[in-house]
Every structure is written in C-alpha cells, then in structure tokens.
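Novice: okay, structure incoming, though there's no sequence with it:
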C-alpha cells in the first residue's frame, strides 16, 4: 500500500501533466487519467482526497470550454458498477458517467446503459433516478443504434430492475408540459355570473372529493360500514355544486389560479425525476420523438420478457398523448399487444393488482401521501379510457371505496365533461350489476343519491337547473319543457348520460329493492320521466319501470295504493292525450301496463285477480297502437303459474266436455 507521500507525489505529477497538455491532446490524456484519479478517493488519507478534488476541479474547468470532448464512458461505468470499490469512489464515478453520457455517441450510450441498469432496483434513490434518466436518453433511440436485442438485456430479465425502468418510462410518457389538466377559471372584475358560478362549482367539489379520498385509507384499514361517513362527504360535495360557490383557488382580487406544478397523472417529485436537477423542459418535437422510440423499444420486447399487463398503461397513456404520431402508435400497440376481448386475452382485467393500478392512475395519489409526491388525477381523455376498462372487470366492480370515488369524480370532479359523466354512470351501472351484496350494501345509498342529484340538479354540460327548468346561464330546456314543446335541445352526450342514470336506477331496484320500495317517490319519478325525458333515453326509462315493477312486488299498505293510483292516472292521462291533438305517449302506457300485469313482468307485481289492474288492461287492449294493444292483451291472459285460475279453467272445460258427451250419447240411443 502506497504511503501518503507517494500518493501525493503521483497526484502532483498528474496535475502537472494536465496543466501542460494542450486541448487537442486532452481527450486522450483524460481517458487514461480520470478513472485512476477518481479511484484515489478510496485513500484513507485526507490530504490525498483533497488533492484529487483539486485535479477534478481543474478537469471541470477544461471540460466546460470543450463541450464536445468525449470522456472514458466505458471505464467510468466499470468503476461505478464495481461493488468492491468504496461508496465515495462510486459516487464520483457516477457523476462523471453522467457527463460522459451526454458527450458519447448513441451507440456507446445504448451499450453502457444496459450495464448501468443491471441492479438498478437496489441502488439508492438518487443513483436510481440518475440512471433511469440516462436510460431514457440511451434507449429511446432508433433501433439501429442499439446492438443488443431487448430480450437479451440483463435488466429486462430481472423483474425488479425491469419494474423500475418500466415505471419511469410510464411517468415519462405521461409528461406533457403544455397540459394543465383542467379548464382555467376566467378572472372576473365584477360579480360572478351564474354561468361562471355553475362551472366553477366543479372546482369547489374537488375539495370535498379530496376528503373522500382521505377516508379511503381508513376504509381499507378497517373495512367496516363507512357508508355514513362517505354519505356526509357526498352531501357536502353536492351541496357545494348546487350553490355554485366560487372555487377557493380564486383569490379575493379575482386573480386566476396558479398553474399546477405537474401535468395530470404526475406529482412534482415525478417531474423532478424526469427533468433532473436543471429542470430544462425538452422541446415538443424531441419529447415526441423519444416517446415514439420508447414505444418501439417495448414493441421489440417479447411477451415473455415484458408481459402485456406491465405495458397496458403505457399504451393507454400514449394513445391519449397530444402528439398525433404518439397517439396513433399507442393505439396500434394497445390493440395488437394488449387484447382483452378474445377467448385467450393477453391482459387479465380481473387481476386485482392491475385493477388497483387503473384506479390509482384515475384518482391520483391518496391524501395521506405528501403533497410533493402526490400524483394528480389522470387527464379527462385518459379517464375515459380507464373507465372503459373498468367496465369490463368484475373485480373492478368490487373495489370499494375506489368505485364510489371514481364515479363521484366523473360526476362532480373538477374539469368534468358530459362524456365523463356518462362514463361515470356507465361504471355505476356496471358496479350495480356485478358488485357483491356486501359491497353493494355500502355503496348503493351513495349511488342512489348521486343519480337523483344528477337527474334533478344537473342538465347538460355542467349547467345547474333553475326553478323554471332552464340551465342557469344557458338555453337548454328541462325534460318536461322539452316534452311539452315537442323538441329538445339536449345534446347526444346528455341524452346518453340520462339514459345511463335510469339504467342504474333499474339495476339498483333489482339488486337493492329495499332502497326504493319504502315510498312511491322513485316510481312517480320514473313514470313521469316516460313523458318528460328525450326520446333517445325513453327505452332506458321503460326498462327502469319494468325493474321497479319487480321491486314493488308484494308491497302493501299506502305504498300499494299510491302505486295503483299512479298506474291509473298514467293510463287515463295518456288516453285523454290520445284523444287530443298530440296523439298520446305510448311509452307511458307500456310502462304502466307492464307494472299492472302486462306480460311476465307485471304478473309478479299485481296478481291476475286484481280487478283494477285488469280494468287498465281492458282499456289498453282497445288502443290504436299495436305495441300498447299487445301489452294490454298480455295482461288479460292468465299466467301459467296461477294455480287457482288454471284449476278453474280445467274444471270448467271438463264440465263442458262431460255435458257434450252426454248429449251425444243420448242422440245415439235415439
């Protein structure tokens, strides 16, 4: 082992040699000198380390004036990955590896980054971030610059190393510096208009949704009945939406809210990991090119090396990218590599781990996570994609309370749209169909309140319904006003949204009938909707009416009397309208007849010997419309499972046959 004097003498000689070396010859000298000088940081003498720092400082000054000068990337990489060297040596080696990486050719970068990525999952957080940033630069290049096949790279064969790299690539694909993720609130110098207040209410609701998210952790830890707590949060959220309060992000002076520090789906810490210490935002063209190259890199990996379940989120995010080429390529790879609708799907949507990743990407980080590391919710376009996947998974329907959070975010979250609301209601219908009874018992009260709130207080495009049935600040008519005038200003998205609401009501009546049969209010609402809702969603309303007929079966007392009165008023009101100029509403008659005993559905609600119900069917049997007439006749045919009626019919038939036989016998004898 060299003495302190010998080490200092060798370093002095190296520094002198550097001082007398011209810039034209400096690169060759550094290739030999730098790894040896950095390795001297392993010395136990403080004076030696101080001398090494002086030499490195001199090198840094020379390199600053020579930005194109190459450094010994291969030797520095070998020094860093040598686990026998002390941490101090490896730390300095990685610093200069990063400098050498920026100056190297694409081929050298691709060759050395695979060495650095081997074992990256076990590195310290700071080293791991540096290596993963270099990995995006080194591997997000054209295929011709990468000599090794993806399936032969050591880090891709190790699950932990591959997981760290894949996760960083997902964050890189989500990074879009020009995306704010929400509609900016326009600053107002005077009083806030009703339209601005209605639109701004969605931002206010976000605070309450954050409270719901905070409760999710407690629910996961203690899976008891938290429906009452979540109901309180939902009531506050919908109350703020109805009031249309100004969001807290708007200051007293009317200043516009500050732009979020991170794009949708990312946290400020994620952005720092992507951009590095300098924080330089890449050019839009360069960012799109690297994203495309990353997609091609994963495309070259086989399903055995990188399972499709690990890349489905990458392709979903890419399909929603702002760049057309990235979006197109992501869509192609999503259909080609991540199919789930075939007999042998490549992605299992029932996997609980995958469902959890989908919900986390949709909802963002939990409130228990520090703000710097808390990911924002996904963008509206990505949310639509995620909901479409969740609506294909029975496991996703049983992920309470994430299901309720996701639905409420679609309906009342900041920056929501009509399409997103319709997607949220589609998810609600899916949950009501496939959730277990235990999960549905906790979620159904909240879902029912959410559906009724949406039908009552919200019309189209987030406008609030006023007392006169017109959206505040808008021209859209209410359902009743639209039906009375014979026209509707509802958009196609709004009609779809309301149709999903009634489908969800029907499913809720089937799965949890006790929620709707306590009072006749839900039935009154549905039968009124048969005339007031737009034509495009009346089929859903009729389906809800049939489901309610089953739910109200066997009810008695005042509820039964109220239902009978509702059916009679529906038939008589429609018949009176039929005699007028408008020609009636056959949908009301069909729904009322179904509940009164028309067909198999109505037979379970009102028995065949119920005289008022048969009267309604007799009236309808003479209707001019074929479908209404058929429903009425179906209600007059005795059901096969009514034993008393069948016995009576058989007895009457036997008596008649016997009499006919006796008469025939007597005539024969004569």
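Specialist: Looks like it arrived, so ask away. Please read these numbers as outputs of a predicted model, since none were measured by experiment.
Novice: excluding chain neighbours, give the residue nearest to residue 276 in space.
Specialist: residue 133 (5.6 Å; Cβ to Cβ, 6 or more residues apart in numbering). Bear in mind the C-beta positions are built from the backbone N, C-alpha and C, glycine included.
Novice: let me know the helix or strand that that neighbour is in.
Specialist: Here residue 133, judged by DSSP states H and E, is contained in helix 125-139.
Novice: so for that helix, mean pLDDT?
Specialist: With pLDDT averaged residue by residue, helix 125-139 scores 94.
Novice: what do you get for stretch 629-641?
Specialist: 71.
Novice: buried stuff in the helix holding residue 133?
Specialist: 127-139 (16 or more other Cβ atoms under 10 Å).
Novice: show residues contacting it.
Specialist: 94, 97-98, 101, 106, 109-110, 112-113, 116-117, 120-121, 123, 146, 164-165, 168-169, 172, 273-274, 276, 290, 293-294, 297 (Cβ atoms under 8 Å, 6 or more residues apart in numbering).
Novice: the buried residues of helix 125-139 into TSV, with extra columns for distance to residue 429?
Specialist: Formatted as TSV, the buried residues of helix 125-139 follow (distance: Cβ to Cβ, whole Å):
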residue	distance to residue 429
127	48
128	43
129	43
130	47
131	46
132	41
133	44
134	47
135	43
136	41
137	46
138	47
139	43
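Novice: closest to residue 380 among the residues you listed?
Specialist: residue 136 (26.4 Å; Cβ to Cβ).
Novice: roughly how far does the closest one sit from residue 164?
Specialist: Taking Cβ to Cβ, to the nearest Å as the measure, residue 136 falls 12 Å from residue 164.
Novice: helices of the stretch 51-200 of the chain, start to end?
Specialist: Ranges of helices in the stretch 51-200 of the chain, per DSSP state H, counting those that start in this stretch, are 73-81, 87-103, 106-117, 125-139, 154-157, 159-174, 194-221.
Novice: for stretch 178-196, what is the average pLDDT?
Specialist: So the average pLDDT for stretch 178-196 ends up being 42.
Novice: can you tell me which of the contacts of helix 125-139 are buried?
Specialist: For these, buried by 16+ other Cβ under 10 Å: 94, 97, 101, 109-110, 112-113, 116-117, 120-121, 123, 146, 164-165, 168-169, 172, 273-274, 290, 293-294, 297.
Novice: picking up where we left off before, how about the buried residues of helix 125-139, which pair is most distant?
Specialist: Among those, 127 and 139 lie farthest apart (Cβ to Cβ), at 17.8 Å.
Novice: was I right to think residue 161 contacts residue 117?
Specialist: Yes - counting by Cβ atoms under 8 Å, residue 117 is a contact partner of residue 161 at 6.1 Å.
Novice: show me where the stretch 351-500 of the chain dips below the pLDDT cut-off.
Specialist: 457-490 (pLDDT under 70).
Novice: next one: the stretch 101-250 of the chain
Specialist: For the stretch 101-250 of the chain, the ranges with pLDDT under 70 are 179-250.
Novice: can you do 90?
Specialist: Within the stretch 101-250 of the chain, the stretches with pLDDT under 90 are 143, 147, 176-250.
Novice: what about the strands in this structure?
Specialist: Ranges of strands in the chain, per DSSP state E: none exist.
Novice: residues shared between the contacts of residue 161 and residue 117?
Specialist: Here residue 161 and residue 117 have 154-155 as joint contacts, going by Cβ under 8 Å, 6+ apart.
Novice: and residue 550, how close does it get to residue 510?
Specialist: Residue 550 is 7 Å from residue 510, by Cβ to Cβ.
Novice: wait, residue 635
Specialist: Residue 635 is 22 Å from residue 510, by Cβ to Cβ.
Novice: next: residue 136.
Specialist: Residue 136 is 50 Å from residue 510, by Cβ to Cβ.
Novice: what do you get for residue 5?
Specialist: 90 Å.
Novice: quick one: which of those two has more around it?
Specialist: Counted by other Cβ atoms under 10 Å, residue 5 and residue 510 do not tie: residue 510 has more neighbours, with 17 against 10.
Novice: which residues does the closest residue to that one other than its chain neighbours contact?
Specialist: Residue nearest to residue 510 in three dimensions, not counting chain neighbours: residue 547, with 5.2 Å by Cβ to Cβ, 6+ apart. By Cβ under 8 Å, 6+ apart, the contact set of residue 547 is 505-507, 509-510.
Novice: most neighbours of all these, which one?
Specialist: Using other Cβ under 10 Å as the neighbour criterion, residue 505 leads the contacts of residue 547 with 30 neighbours.
Novice: wait, residue 443 sits on residue 403?
Specialist: Yes - at 6.3 Å, residue 443 counts as touching residue 403 under the criterion of Cβ under 8 Å.
Novice: residue 501 and residue 402, how far apart?
Specialist: From residue 501 to residue 402 the distance is 21 Å (Cβ to Cβ).
Novice: which of these two has more neighbours?
Specialist: The neighbour count for residue 501 versus residue 402, taken as other Cβ under 10 Å, is higher for residue 501 (28 against 22).
Novice: quick one: the closest residue in space to the more buried one that isn't next to it in sequence and residue 445, what's the gap?
Specialist: Nearest non-adjacent residue to residue 501, counting by Cβ to Cβ, 6+ apart: residue 451, 5.0 Å away. Residue 451 is 11 Å from residue 445, where distance means Cβ to Cβ.
Novice: compare those two and say which is more crowded by neighbours.
Specialist: Neighbours around residue 451 and residue 445, counted as other Cβ under 10 Å, are more numerous at residue 451. The numbers are 23 against 17.
Novice: could you measure from residue 620 over to residue 281?
Specialist: In terms of Cβ to Cβ, residue 620 sits 69 Å off from residue 281.
Novice: one more: residue 59?
Specialist: 29 Å.
Novice: what's the pLDDT at residue 618?
Specialist: 77.
Novice: residue contacts, it?
Specialist: Taking Cβ under 8 Å, 6+ apart, one finds 632, 636 in contact with residue 618.
Novice: burial check on residue 155, number of neighbours?
Specialist: So residue 155, with other Cβ under 10 Å, has 21 neighbours.
Novice: that one contacts residue 123, doesn't it?
Specialist: No - taking contacts as Cβ under 8 Å, residue 155 lies outside contact range of residue 123: 11.7 Å.
Novice: if we only consider the contacts of residue 547, which is nearest to residue 384?
Specialist: Taking these together and measuring to residue 384 by Cβ to Cβ, the closest member is residue 507, at 21.5 Å.
Novice: didn't the closest one look like it was pressed against residue 434?
Specialist: No - between residue 507 and residue 434 there is no contact under Cβ under 8 Å: 9.8 Å.
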